[in-house]
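*Asks:* Following is a predicted model, sequence given first.
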Amino acid sequence: MIYIVNSIVMSLCATFRSFIFLCIVLFGQAVFGQYKQTLVNTTVLLENKQKGIPFVGLDQLKIAVLGSDMEKYERFVQVAKLYTEVDSYSFLEYLNSEKKYNMLIVVGSMAELSDASDGLLKRAVEKKINIVFVAFDEVAIVNQRRKDLSSRFALLAQPDAREEGQCHAAMSLFGGAAITQGSNKTEQTRIQQYSSLLNDNAKAMQMLLKIDAVAEEAIHAQATPGMVVLALKDGQVLFNKAYGKHTYSDNEPTKATDIFDLASISKIVATTPIIMRLYDDKLIQLDTPVSHYIPALKNTDKASISLRSVLLHEAGFTPFIPFYRALKVGDLQQEEDEHHLVKVADSAYLRNNYYEDIMWPEMLRSKLGKQGSYLYSDISMYMMKELAEALTHRPIDSYADELLYRPLGMQTTGFKPRERFDKERIVPTQHDTSFRKVLLQGYVHDEGAAMAGGVAGHAGLFASANDLAIYAQMLLNRGAYGGTRYFQPETVDLFTSKQSQTSRRGLGFDRADTTSKSGYPSKKAGASVFGHTGYTGTALWIDPENQLIYIFLSNRVHPQVTNKLFDLNIRSRIQDVIYDFVADF
């Protein structure tokens with residue numbers, strides 16, 4: 001009888017959840033992914049032979065930008081690089097290059113393009129390379145001489161060769177700006193890397209000055225050595241600025257392109273989207289016990305815990321296990337050898353298989369608390385990594401890169417960044433005095449993630465602000481970006497909406513706390529806001545109702561952990577300023 005009653009109750013709960021979810025889909029859909037182009041794009045698309053503009057499938061394109069004088073078109077290249085990896089050459093440099101490309105973007109006036117077209121076209125035909133010509137000339141002049149540029153992939157005309165015109169032309173190619181003039185029109189498919197909302201706008205200047213003041217207050221109070229603040233409104237970059245320096249003691253200025261340790265933002269940019277894909281592919285069910293997917297859990301007290309409760313942090317897992325405190329003599333050493341290949345920092349090597357032999361078994365044995373109530377625990381995402389890798393048969397770092405980062409054009413995002421980038425591009429975090437005994441730069445701050453080899457479900461991801469903006473816009477678009485669908489709209493709605501009866505949480509995602517007196521994440525944030533924060537001083541918040549994305553990256557743990565960023569409420573105050581500005585748009 002008890003079993004029958006429980007079954008009926010569970011069925012009714014599932015039905016209620018389905019009804020709520022249906023309401024979200026039916027009534028919430030309209031607020032997602034509304035690009036609103038405010039700039040007047042003067043670029044004209046004269047030919048689009050293969051309907052390849054705007055570009056799709058960025059992970060399939062190897063792009064080079066060519067011109068007779070690339071210094072003259074530096075702004076074009078800068079904007080193109082915000083969308084994907086791009087190399088640039090003069091015509092002579094390209095003809096002498098051995099690097100292979102399948103897409104050439106040739107920029108210049110009609111005179112410059114005509115002079116170079118014969119040799120380029122011959123080589124392109126031989127090697128089956130597509131060519132896009134971007135002519136910085138009057139449309140009438142380009143039309144008059146367009147026959148000089150035959151066998152091309154596409155031809156665009158932009159009458160303004162100054163920085164703004166170059167910006168518009170580059171955005172037009174990548175879908176950052178819709179082409180609205182001429183007979184070949186296109187739609188915006190990616191974020192716009194230029195905002196006309198700020199042009200000659202007194203209110204915008206007030207916003208800039210207020211954000212500057214809060215940022216400088218944080219640096220002066222040593223809440224963080226530096227930071228990057230980025231905001232998007234209606235698919236266009238509204239604000240993107242770096243402040244301060246990498247550390248208090250050096251002269252390396254923070255740049256908007258710098259790479260930061262995201263800490264717990266890894267949960268929603270790496271692990272959770274993989275779970276979302278598995279859900280899309282019907283390989284998992286949220287109310288199935290996690291032990292169904294992770295056999296190691298079957299003979300433990302965690303065998304009956306559902307996937308849903310893990311994603312909601314309602315499984316009762318131990319909040320925190322300081323794994324590094326259990327290290328024994330010989331587990332960690334300064335030099336690499338065949339028994340110590342796990343590099344956890346510069347001059348710090350952990351013995352092989354420490355995660356498999358020590359950490360994972362300890363998590364399986366860890367004390368289980370009350371289930372059904374919200375209790376934040378990193379063990380949840382350790383579990384989700386195990387599940388993801390069991391079902392995909394791939395490490396989460398390579399799978400996320402193939403699934404999301406490369407196709408989206410996210411060039412910096414990934415685990416273990418020191419294997420891919422110069423040390424100087426990565427903002428240092430803590431000077432670790434208790435575990436690794438060195439300044440951490442490009443190695444994950446979180447001790448457990450480091451001991452797991454730098455790739456963990458809860459931490460370990462590094463990225464730049466622009467990369468996060470691209471990912472966030474994809475979620476704001478309910479799973480679509482750049483002409484490609486990554487997730488079903490209903491899946492994005494489900495995971496990012498409130499799914500708990502006892503907390504504000506979504507599935508893997510944190511959400512705004514509208515009952516907070518201080519305002520979390522902001523006094524202006526409404527019930528639709530979702531995202532996450534990170535221990536290192538990072539935040540990513542997405543607001544479907546206002547079509548707003550807010551990104552804050554810092555290294556507040558340098559040189560040692562401080563709570564001043566929280567005490568001064570820096571992140572929320574900057575977000576409040578941005579909300580005040582966009583209220584009229």
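*Replies:* Arrived safely, thanks for sending. Residues are numbered from 1 along each chain as shown.
*Asks:* make it CA atoms for all contacts and neighbour counts henceforth
*Replies:* Noted.
*Asks:* Which parts of the stretch 451-585 of the chain are strands?
*Replies:* Using DSSP state E, counting those that start in this stretch, the strands of the stretch 451-585 of the chain run over 461-463, 480-481, 484-485, 510-511, 530-534, 538-543, 548-554.
*Asks:* Could I get those strands in TSV, plus columns for mean pLDDT?
*Replies:* Shown next, in TSV, are those (pLDDT from 0 to 100):
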stretch	mean pLDDT
strand 461-463	98
strand 480-481	98
strand 484-485	97
strand 510-511	98
strand 530-534	98
strand 538-543	98
strand 548-554	98
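*Asks:* With mean neighbour count and distance to K298 as extra columns, can I get these in a markdown table?
*Replies:* A markdown table is the format used below for the strands of the stretch 451-585 of the chain (neighbours: other Cα atoms under 10 Å; distance: least, Cα to Cα, whole Å):
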| stretch | mean neighbour count | distance to K298 |
| --- | --- | --- |
| strand 461-463 | 26 | 30 |
| strand 480-481 | 22 | 37 |
| strand 484-485 | 14 | 36 |
| strand 510-511 | 26 | 29 |
| strand 530-534 | 24 | 31 |
| strand 538-543 | 24 | 36 |
| strand 548-554 | 27 | 40 |
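*Asks:* For stretch 385-402, buried residues please.
*Replies:* Buried residues in stretch 385-402, counted by 16 or more other Cα atoms under 10 Å: K385, E386, L387, A388, E389, I396, D397, Y399, A400, D401.
*Asks:* Looks to me like the fifth one is in a helix.
*Replies:* This means E389. Yes: judged by DSSP: H, G, I helix; E, B strand; the rest coil, E389 forms part of a helix.
*Asks:* tell me the SS of L104?
*Replies:* Under three-state DSSP, the three-state class of L104 is strand.
*Asks:* check contacts around A231.
*Replies:* The contact partners of A231, by Cα atoms under 8 Å, 6 or more residues apart in numbering, come to V237, L238, F239, N240, L548, I549, Y550, I551, I578.
*Asks:* For whichever helix or strand it is part of, give the mean pLDDT please.
*Replies:* In this structure, A231 sits in strand 226-233 according to DSSP states H and E. In this model, strand 226-233 has a mean pLDDT of 97.
*Asks:* Using PDB, write out every CA atom in it.
*Replies:* Written as PDB, here are the backbone C-alpha positions of strand 226-233 (Å, rounded to 0.1, in the frame of the first residue of the first chain):
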ATOM      1  CA  GLY A 226      42.500  43.600 -11.700                       C
ATOM      2  CA  MET A 227      39.300  42.700 -13.500                       C
ATOM      3  CA  VAL A 228      37.500  42.500 -16.800                       C
ATOM      4  CA  VAL A 229      33.900  43.600 -17.100                       C
ATOM      5  CA  LEU A 230      31.800  42.700 -20.100                       C
ATOM      6  CA  ALA A 231      28.100  43.400 -20.800                       C
ATOM      7  CA  LEU A 232      25.900  42.500 -23.700                       C
ATOM      8  CA  LYS A 233      22.400  43.900 -24.500                       C
END
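*Asks:* List the strands paired with that strand, with their directions.
*Replies:* strand 236-244 (antiparallel), strand 548-554 (antiparallel) (DSSP bridges).
*Asks:* what comes into contact with stretch 75-94?
*Replies:* Stretch 75-94 is contacted from outside by 58, 62-70, 116, 163, 166-167, 169-171, 174, 193, 409-411, 466, using Cα under 8 Å, 6+ apart.
*Asks:* The helix or strand bottoming out on mean pLDDT in the chain: what's the following helix or strand?
*Replies:* In the chain, the helix or strand scored least confidently by mean pLDDT, DSSP states H and E is helix 2-28, which has a mean of 39. From helix 2-28 onward toward the C-terminus, using DSSP H and E, the following helix or strand is strand 44-48.
*Asks:* Which secondary structure elements does that following strand sit against?
*Replies:* Counting contacts by 3 or more Cα pairs under 8 Å, 6 or more residues apart in numbering; DSSP states H and E, strand 44-48 packs against strand 154-157.
*Asks:* E74 - how many residues pack around it?
*Replies:* E74: 15 surrounding residues under other Cα atoms under 10 Å.
*Asks:* surely S373 meets R504?
*Replies:* No: between S373 and R504 no contact is recorded; they are 11.5 Å apart, counting by Cα atoms under 8 Å.
*Asks:* Point me to the residue sitting closest to the centre of this structure.
*Replies:* For the chain, the residue sitting closest to the mean C-alpha position, by Cα atoms, centre = their mean, is L468 at 2.6 Å.
*Asks:* Now do the contacts for that one.
*Replies:* M410, L540, I551.
*Asks:* Please apply the same query to L173.
*Replies:* I53, P54, F55.
*Asks:* Low-confidence regions, the stretch 151-300 of the chain specifically.
*Replies:* Across the stretch 151-300 of the chain, the ranges flagged by pLDDT under 70 are 151, 200.
*Asks:* where do the helices sit along it?
*Replies:* 163-174, 202-220, 266, 272-280 (DSSP state H, counting those that start in this stretch).
*Asks:* coming back round to it: neighbour count winner among S373 and R504?
*Replies:* Between S373 and R504, R504 has the larger neighbour count (other Cα under 10 Å), namely 20 against 17.
*Asks:* Hmm, S516 and that one touching each other?
*Replies:* No: between R504 and S516 there is no contact under Cα under 8 Å: 10.9 Å.
*Asks:* ok, how many other residues are close to the closest residue in space to A204 that isn't next to it in sequence?
*Replies:* Counting by Cα to Cα, 6 or more residues apart in numbering, the nearest residue to A204 once its immediate chain neighbours are dropped is L198, at 5.4 Å. By other Cα under 10 Å, 15 other residues sit near L198.
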